[in-house]
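**Q** the following comprises the amino acid sequence and a computationally predicted model.
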Amino acid sequence: MHSSTNLVSEMPEPMSFDERAQPQIIDDFISMYQQLNKDTLHLLSQVYSNNIVFQDPLHKVEGLVNLSNYFANLYENVDSISFDIQQVNVSLSLPQSQLQAKPQSQLEAEQQSQASVFWEMTYSHSKLNSGREIHVEGMSHLIFTDKIISHRDYFDLGQMLYEPFPLLGKLIQMVKSKASS
């Protein structure tokens, strides 16, 4: 008699932000973003690998040096920035016992864990929204081993850049309203 295995029961359960079993690299990532500014960009090397691939709605950046330069440019005119972490979901790689009989390429891929970090960014920029605070909700998808090797941000670029402009913001809101009705 052939027995079947329920693959769903073998999948790792996501962990929420409230759980303490969160990997240290994720705690370090959150801590870094709580203090990141144009004067603390050296902190990037504590959480990102040298071969980091970072992508957001504006750019794709490869390598830690390029990422540091990208952030230096972004933070140059930011007056203030903060991140309110709302939820963290972590999916860990398979346990070591399940990885032993796998080919090396598959083994490396399966040892990569991932996290989704949901946040609200609040920032002010002298050239946007008359210097007043702008709030943007987003999510970061992270892939990591001992350091983060891939970071992709998802957020509404209109909410971040265009909606704060009075005329353009009203136009975007009108288009969004028409599209959802």
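**A** Great, that's in hand. The model shown is predicted, which means the values in this text are computed figures rather than measured ones. Numbers count the residues shown, from 1 in each chain.

**Q** so where do the strands sit in the chain?
**A** Along the chain, counting by DSSP state E, strands occupy 48-55, 60-62, 78-91, 113-125, 134-144, 148-155.

**Q** contacts for the third one?
**A** So the one you mean is strand 78-91. Outside strand 78-91, the residues within contact range by Cβ atoms under 8 Å, 6 or more residues apart in numbering are 12, 14-17, 22-23, 26, 30, 33-34, 36-38, 75, 113-126, 131, 133. For glycine as for every other residue, the C-beta is placed from the backbone atoms N, C-alpha and C.

**Q** and that strand, which residues are buried?
**A** 81, 83, 88-90 (16 or more other Cβ atoms under 10 Å).

**Q** next, the angle strand 113-125 makes with that strand.
**A** 160 degrees (axes from the mean of the first three to the mean of the last three Cα atoms, to 10 degrees).

**Q** okay, and the beta partners of residue 84?
**A** Bridge pairing for residue 84 (DSSP bridges) gives the partners residue 120.

**Q** how close does it get to residue 158?
**A** 20 Å (Cβ to Cβ, to the nearest Å).

**Q** same question, residue 112
**A** Applying Cβ to Cβ to residue 112 and residue 158 gives a distance of 32 Å.
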